[in-house]
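Q: what follows is a predicted protein model with its sequence.
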Amino acid sequence: QVQLVESGGGLVQAGDSLRLSCSASLRTFRSSAMGWFRQAPGKEREFVAGISWSSLSIYYVDAVKGRFTISRDNAKNTVYLQMNSLKPEDTAVYYCAAAQFEAGVPAGRSEYDYWGQGTQVTVSS
């Protein structure tokens, strides 16, 4: 059974940093693009960042460029999201997702095959 488990969320103040981790029990992890999405209350789930299987292609939504960094460790089947200079508008449940056998970095929710359960990030002003 495939599982993606996020960790590292929490309550922080504006300007602080958090590092999210997503551990995947996915045999095809090394052949999968990985993405981070977030969903704020009353809003649609949105793409935040994605990384190709090789780490050669990385994309961010404009709102987090320069503040967030996505990375992965294929030896550990883990993807990370380093979040710096956090803002109250970053408050959301953050989900990691896997797109199997994907050479690029998809940004659409429907292109991802597996999802984690989410981890809450709350940024106070």
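A: Now that the structure is in, tell me what you want to look at.

Q: number of nearby residues for Ala33?
A: Ala33: 25 surrounding residues under other Cβ atoms under 10 Å. (Each C-beta comes from the backbone N, C-alpha and C, glycine too.)

Q: and it, how far from Leu11?
A: 30 Å (Cβ to Cβ, to the nearest Å).

Q: equivalent analysis for Val93, please.
A: 13 Å.

Q: residue most distant from the centroid, the chain?
A: Outermost residue of the chain with respect to the C-alpha centroid, by Cα atoms, centre = their mean, is Ser125; its distance is 22.8 Å.

Q: what's near enough to touch it?
A: If you count contacts by Cβ atoms under 8 Å, 6 or more residues apart in numbering, Ser125 has them with 13-14, 88.

Q: what about those residues, which one has the most neighbours?
A: If you rank the contacts of Ser125 by neighbour count (other Cβ under 10 Å), Ala14 sits at the top with 13 neighbours.

Q: quick check, it in contact with Asp90.
A: No: with contacts defined as Cβ atoms under 8 Å, Ala14 does not count as touching Asp90, sitting 9.0 Å away.

Q: the spatially most central residue of the chain sits in which helix or strand?
A: The centroid of the chain falls nearest to Trp36 when counting by Cα atoms, centre = their mean (2.1 Å). When secondary structure is defined using DSSP states H and E, the element that contains Trp36 is strand 32-39.

Q: and that strand, how far out from the chain's middle?
A: Distance, stretch centre to chain centre, for strand 32-39: 4 Å (Cα atoms, centre = their mean, to the nearest Å).

Q: which neighbours in the sheet does it have, and how are they oriented?
A: Looking at strand 32-39 with DSSP bridges, its paired strands and their directions are strand 46-51 (antiparallel), strand 92-100 (antiparallel).

Q: now do the buried residues in the first one.
A: Of the residues in strand 46-51, those scored as buried under the neighbour-count criterion (16 or more other Cβ atoms under 10 Å) are 47-51.
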